[in-house]
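*Asks:* sequence first, predicted coordinates after that:
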Amino acid sequence: MSNDSLRMLKLRRLLLGFNDQISRVTYPLAVSCCTTIITFGFGACAVLAFQKTIPGESWLAIWQGWDALSFLDLAQHGYPHEVGNREYLIVWLPVFPMAIRIAHLFIPNWHAAAVVLSNVCCAAALTYIFLLVRVEYDARLARRAVLFCAIFPTAYFLHIAYSEAIFLLLSVGAFYHARRGQWLICGAFGMLATGARVPGIAIVPPLVLEYLQQRNFRWREIRWDIAFLALVPLGALAYLWINYRYFGDPLHFLTAQKRFWYGFVRWPFPSVVGNWYGVNHSSADSRLIQYGGPLAAFVIASAALVAAPFLLRPCYALYLALSWIMVFCNNFLLCSPRYILPIFPIFILLARITRREWLRDSIAFLFALFYGICSMHFARGWWAF
């Protein structure tokens with residue numbers, strides 16, 4: 001056989017292998033693409049139906065509100081150098097704004113660059129969820145986990161200029177590569193995750209636990225590759241350094257959270273009681289979103305917290321528990337329905353308990369209805385987590 005024939009044969013095998021890999025993840029990629037199109041189309045239709053016109057520059061502008069404006073401000077201008085009008089921006093971590101700056105090199109419009117970035121991260125995150133769950137169980141259960149994540153009532157944040165998509169990608173990616181024993185890649189993903197969201201620090205103990213479990217908790221089996229896990233907290237440490245550089249205090253973000261959002265650490269139950277009171281006594285338009293949403297998030301996450309030790313691998317159960325603490329031991333629970341979106345073990349649990357089709361379809365239908373309500377609320381410029 002000639003050299004040209006050998007090269008053609010190798011190329012053909014390479015292409016066949018690539019096509020085989022793509023075919024294995026067709027479902028999460030297709031779900032991501034379809035939910036992106038449906039979300040933006042539904043949002044535009046909702047605005048046209050109720051407001052009779054598309055405000056702003058274009059149909060994409062209806063999603064450019066609330067935290068998205070802060071991320072775009074950070075991407076364009078960086079952190080404030082002193083106490084002043086932009087001081088509140090210090091509560092957002094640097095990875096997503098930095099990623100927007102990189103995307104802007106290829107896409108001139110800042111908002112469009114952020115949206116494209118989020119949707120690429122969403123597709124990659126759903127793919128990682130599929131691959132991770134397939135490692136633990138099977139492809140059928142993996143598809144259910146992807147579906148529940150993609151249609152969770154606040155999952156529209158995976159498609160807009162918010163950090164949920166990139167944080168979900170980085171955290172799931174860290175666990176996937178940990179399960180495969182690829183500790184350098186795991187450390188790199190984890191480092192970026194802790195630099196993307198404050199709750200990212202919750203992945204550190206679970207990853208250490210996973211490493212020790214793979215070594216059967218025997219100290220003699222620990223190898224030098226455990227050092228790669230030291231990369232994980234570097235993202236959080238870099239954020240603390242940014243706080244120190246600009247404000248002289250590595251924990252200045254806590255001061256800013258308390259000053260601008262009344263966010264501070266406390267037991268969750270007073271806030272839960274307050275939400276319950278709001279559901280029963282507030283005005284009609286506040287009961288669903290402002291009070292009902294956080295209360296539902298608390299119930300869902302707490303039920304998952306109880307079930308996780310019995311149904312999930314220990315590292316996922318620990319990650320869920322630490323994330324629960326970081327989300328709900330905070331006075332500011334208004335955003336909790338969005339904050340629990342990247343806690344992917346919740347969707348693994350849902351996939352495990354919905355082996356009966358009628359239950360799976362019923363929960364999916366419920367999620368889809370509230371997805372429509374919440375995304376329509378947000379697209380019209382109102383607060384929706």
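*Replies:* Cool, the structure landed. Numbering: from 1, shown residues only.
*Asks:* ok, residue 371 - contacts?
*Replies:* 151-156 (Cβ atoms under 8 Å, 6 or more residues apart in numbering). Yep, even glycine has a C-beta here, placed from its N, CA and C like the rest.
*Asks:* measure it to residue 82 for me?
*Replies:* 41 Å (Cβ to Cβ, to the nearest Å).
*Asks:* also residue 74?
*Replies:* 16 Å.
*Asks:* swap in residue 238?
*Replies:* Relative to residue 82, residue 238 is positioned 20 Å away (Cβ to Cβ).
*Asks:* the more surrounded of those two?
*Replies:* Neighbour totals were compared for residue 238 and residue 82, and residue 238 leads with 15 against 9 (other Cβ atoms under 10 Å).
*Asks:* quick check: the more buried one touching residue 192?
*Replies:* No. Counting by Cβ atoms under 8 Å, residue 238 stays clear of residue 192, with 10.2 Å between them.
*Asks:* residue 168: how many residues sit nearby?
*Replies:* Neighbour count for residue 168, taken as other Cβ under 10 Å: 28.
*Asks:* pull the contacting residues for it.
*Replies:* Contact analysis of residue 168 by Cβ under 8 Å, 6+ apart lists 121-122, 125, 149, 158, 341-342, 344.
*Asks:* run the last query once more with 6 Å
*Replies:* 125, 342 (Cβ atoms under 6 Å, 6 or more residues apart in numbering).
*Asks:* what about it, distance to residue 196?
*Replies:* For residue 168, the distance to residue 196 equals 10 Å [Cβ to Cβ].
*Asks:* mind checking the backbone torsions on residue 335?
*Replies:* Backbone torsions of residue 335, given as degrees, to the nearest 10, read phi -100, psi 10.
*Asks:* if you could redo that for residue 182, that was the one I meant.
*Replies:* Backbone torsions for residue 182, taken as degrees, to the nearest 10, come to phi -100, psi 80.
*Asks:* got it, and residue 37?
*Replies:* When quoted as degrees, to the nearest 10, the phi and psi of residue 37 stand at phi -60, psi -40.
*Asks:* in this protein, where is pLDDT below threshold?
*Replies:* Residue ranges of the chain with pLDDT under 70: 1-23, 52-57.
*Asks:* ranges for the strands of it?
*Replies:* Taking DSSP state E as the criterion, the chain carries no strands.
*Asks:* identify the spatial nearest neighbour of residue 86, chain neighbours not counted.
*Replies:* Excluding its sequence neighbours, the residue lying closest to residue 86 (Cβ to Cβ, 6 or more residues apart in numbering) is residue 80, at 3.9 Å.
*Asks:* surely the one you found is in contact with residue 91?
*Replies:* No. Using Cβ atoms under 6 Å, residue 80 makes no contact with residue 91, being 11.5 Å away.
*Asks:* the more surrounded of those two?
*Replies:* The neighbour comparison of residue 80 against residue 91 (other Cβ under 10 Å) goes to residue 91, with 20 against 17.
*Asks:* how about the contacts made by that one?
*Replies:* Contact partners of residue 91, counting by Cβ under 6 Å, 6+ apart, are 253, 256-257.
*Asks:* go on, residue 301?
*Replies:* Applying Cβ under 6 Å, 6+ apart to residue 301 gives the contacts 324, 340.
*Asks:* again with residue 125
*Replies:* Counted by Cβ under 6 Å, 6+ apart, residue 125 has contacts 168-169, 172.
*Asks:* try it again with 10 Å
*Replies:* Going by Cβ atoms under 10 Å, 6 or more residues apart in numbering, residue 125 touches 28, 32, 118, 146, 149-150, 158, 164-173, 342, 344.
*Asks:* restricted to helices, list those.
*Replies:* If you go by DSSP state H, the contacts of residue 125 have 28, 32, 118, 146, 149-150, 164-173 in helices.
*Asks:* ok, residue 275 - how many residues close by?
*Replies:* 23.
*Asks:* ok, now residue 370?
*Replies:* Counted with other Cβ under 10 Å, the neighbours of residue 370 add up to 18.
*Asks:* can you list contacts of stretch 289-297?
*Replies:* 153-154, 271-283, 286-288, 327-328, 332-341, 370, 373-374, 377-378, 382-385.
*Asks:* list buried residues within those residues.
*Replies:* Neighbour-count burial within these applies to 153-154, 271-272, 275, 278-279, 287-288, 327-328, 333-341, 370, 374, 377-378, 384-385; the criterion is 16 or more other Cβ atoms under 10 Å.
*Asks:* among those residues, name the ones in helices.
*Replies:* Among the buried ones among the contacts of stretch 289-297, the residues falling in helices (DSSP H) are 271-272, 275, 278-279, 327-328, 336-339, 370, 374, 377-378.
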